[in-house]
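Engineer: Let me see the structure of the following:
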Amino acid sequence: MAHVNLDAVCTGMVLEADVTNSGGHTLLKAGTELSARHLTLLRAYGIAAISVGEALAERATGTLPSGAPDDCCVAERFLHNDPHHPLISELMRLCEARQAVASTVAAGR
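Structural biologist: Now for the predicted structure:
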């Protein structure tokens with residue numbers, strides 16, 4: 001189990017531990033598959049990091065073992081941005097290009 005910054009978490013990841021607020025109330029139970037709505041609510045409660053499995057933490061932090069696929073979608077990372085804005089559009093293009101290169105390198109190993 002590893003703590004991962006909420007900004008690095010993708011939908012579809014599964015919680016390894018309960019998420020509680022500052023008052024100790026459980027917001028999400030361990031085993032919950034995270035949706036975009038869950039991530040929005042966690043941000044609203046000021047949750048900065050959550051616990052996910054080691055393999056998921058490696059994917060989220062970019063420390064994948066060689067040959068491991070990174071299927072976290074670029075669009076999910078820019079979910080709350082306007083994809084038609086020139087800057088955001090260019091950032092998304094660069095991220096997709098970087099992800100394609102990383103996938104090619106991982107496949108070649």
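Engineer: Are there helices or strands packed against the strand or helix carrying Leu87, and which ones?
Structural biologist: Assigned by DSSP states H and E, Leu87 belongs to helix 86-108. Using 3 or more Cβ pairs under 8 Å, 6 or more residues apart in numbering; DSSP states H and E, the elements in contact with helix 86-108 are helix 74-77. Where you see a C-beta, it was placed from the backbone N, CA and C, and this is true even at glycine.
Engineer: Report the rounded mean pLDDT for the helix holding Leu87.
Structural biologist: The predicted model assigns helix 86-108 a mean pLDDT of 79.
Engineer: What number of residues are in the vicinity of the closest residue to Ala49 other than its chain neighbours?
Structural biologist: In this structure, Ala49 finds its nearest non-sequential neighbour in His3, 4.5 Å apart by Cβ to Cβ, 6 or more residues apart in numbering. Using other Cβ atoms under 10 Å, His3 has 13 neighbouring residues.
Engineer: The one 5 residues further on now?
Structural biologist: Ala8 has 18 neighbours, counted by other Cβ under 10 Å.
Engineer: Torsion angles phi and psi at it?
Structural biologist: phi -100, psi 0 (degrees, to the nearest 10).
Engineer: how near is it to Thr104?
Structural biologist: For Ala8, the distance to Thr104 equals 22 Å [Cβ to Cβ, to the nearest Å].
Engineer: buried residues in the helix holding Leu87?
Structural biologist: Neighbour-count burial for helix 86-108 flags 91-92 (criterion: 16 or more other Cβ atoms under 10 Å).
Engineer: Pull that helix out as CSV, backbone CA atoms only.
Structural biologist: The C-alpha coordinates for helix 86-108 follow below in CSV (Å, rounded to 0.1, in the frame of the first residue of the first chain):
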residue,chain,number,x,y,z
PRO,A,86,-4.9,26.6,-27.1
LEU,A,87,-2.6,26.0,-24.1
ILE,A,88,-4.5,23.0,-22.8
SER,A,89,-4.7,21.5,-26.3
GLU,A,90,-1.0,21.8,-26.7
LEU,A,91,-0.3,20.3,-23.3
MET,A,92,-2.6,17.4,-24.0
ARG,A,93,-0.8,16.8,-27.4
LEU,A,94,2.6,16.8,-25.7
CYS,A,95,1.4,14.4,-23.0
GLU,A,96,-0.1,12.0,-25.6
ALA,A,97,3.2,12.1,-27.6
ARG,A,98,5.2,11.4,-24.4
GLN,A,99,2.9,8.6,-23.5
ALA,A,100,3.2,7.1,-27.0
VAL,A,101,7.0,7.2,-26.8
ALA,A,102,7.0,5.6,-23.3
SER,A,103,4.7,2.9,-24.6
THR,A,104,7.0,2.2,-27.5
VAL,A,105,10.0,2.1,-25.3
ALA,A,106,8.3,-0.2,-22.8
ALA,A,107,7.1,-2.5,-25.7
GLY,A,108,10.7,-2.7,-27.0
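Engineer: Much appreciated, bye for now.
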